[in-house]
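Chemist: Okay, here's the prediction I keep looking at, along with the sequence it came from:
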Amino acid sequence: MRIALIADTHLSSRVPECLTNWHGARAAVRRLGTDLTINLGDVTFDGQHRPDDLALAGELVAQWPHPMLCVPGNHDVGDASGEAPFDPTRRAAYCANLGADHWSLTVGDWLLLGLNAQLFGTGSDAEQQQWQWIDERIRLLDNHTSVALFLHRPLARPHAGEHQRRGRYVPEPASDKLLHGPLRRNLKLVASGHLHQYLDRTVAGVRHLWLPSTAYLLGDDLQARIGEKLVGLGVLDLGDGDAAFDLWCPQGMVPHQVSELEFYRRKALERSRERLQMLGREAV
Ligand SMILES: [Fe+2]
């Protein structure tokens, strides 16, 4: 099966640059002949606060040339992750528009598990239910099944300094359990988004793929460079027991810098106008 991997699509009618790149990705998957697309979260620009962003994303996913399975990101359901309050109503709104927040799919000898990364570390009933669901899937595994995980936040931390960092990775108790717990024997691949950077590294027999955003880049002044900063999508070919991955930077997808998006330019202008007005009032 040929699967397109996309991430951080950040859909909103207020950010046309992200929509243009979405349509560029859509044209590319038609050319690449993929059977399924997996969206690795931050499907929306601000779905956690804006029902219209979630509704638009639901419509665009339904219009994709073939089935798309999504997992939620922080922009869709909030940070949660034990770092910010978990809001079950945001999760429910996400599921109403974009489908289940965790799912499984069997492809030949592969078991694909899509997970809600934002639940890990919340201590919520929803997190507990997701762990039970994962455990049930693990109990059904045989020695020949390869497992691939798809989730918004990465699991593996590439540098020692990254162990101190919050907000970027799945919290360590949960990532340790997924990487070194009962899945260890079968786990072969982990695909994630969130960083807007591309990285492909294998650690202890598990290939970790960080997918770049389809929408925009974060400049080095905003975010340290760990992988490669580009805009694109991935193509994953799953055969019996093996996986081939290619990164594509197709035509029609523009590598926008976040600071150059019209939305942020307008915000910056509004902020500087407000500052000027405040200074004017103080001067009077
Ligand atoms: Fe994200």
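Modeler: Alright, I've got the coordinates. Numbers count the residues shown, from 1 in each chain.
Chemist: How far does the helix or strand hosting Leu111 sit from its chain's centre?
Modeler: Assigned by DSSP states H and E, Leu111 belongs to strand 110-114. Here strand 110-114 shows a centroid-to-chain-centroid distance of 16 Å under the convention CA atoms, centre = their mean, to the nearest Å.
Chemist: How about residues contacting it?
Modeler: Under the criterion CB atoms under 8 Å, 6 or more residues apart in numbering, residues 38, 69-71, 102-106, 134, 137, 141, 145-151, 186, 238, 243 lie in contact with strand 110-114. (Glycine included, C-beta is placed from N, CA and C.)
Chemist: which bits of the stretch 1-150 of the chain sit near the ion?
Modeler: Selection of the stretch 1-150 of the chain residues close to the ion by CB under 5 Å from the ion yields 42, 73-74.
Chemist: Which one (most neighbours) among the residues you listed?
Modeler: Among those, Gly73 has the most neighbours (other CB atoms under 10 Å), with 31 neighbours.
Chemist: looking at it, that residue is touching His194, isn't it?
Modeler: Yes. Counting by CB atoms under 8 Å, Gly73 sits close enough to His194 to count as a contact (6.2 Å).
Chemist: before we move on, the earlier item: nearest to Gly232 among the residues of the stretch 1-150 of the chain next to the ion?
Modeler: Among these, Asp42 lies closest to Gly232 (CB to CB), at 15.4 Å.
Chemist: Could you report the pLDDT at the closest one?
Modeler: Per-residue pLDDT puts Asp42 at 98.
Chemist: Help me confirm that Gly24 is found in a strand?
Modeler: No. Counting by DSSP: H, G, I helix; E, B strand; the rest coil, Gly24 falls outside a strand, being helix.
Chemist: Identify the residue nearest it in space, chain neighbours excluded?
Modeler: Among residues not flanking Gly24 along the chain, Gly252 sits closest, at 3.0 Å (CB to CB, 6 or more residues apart in numbering).
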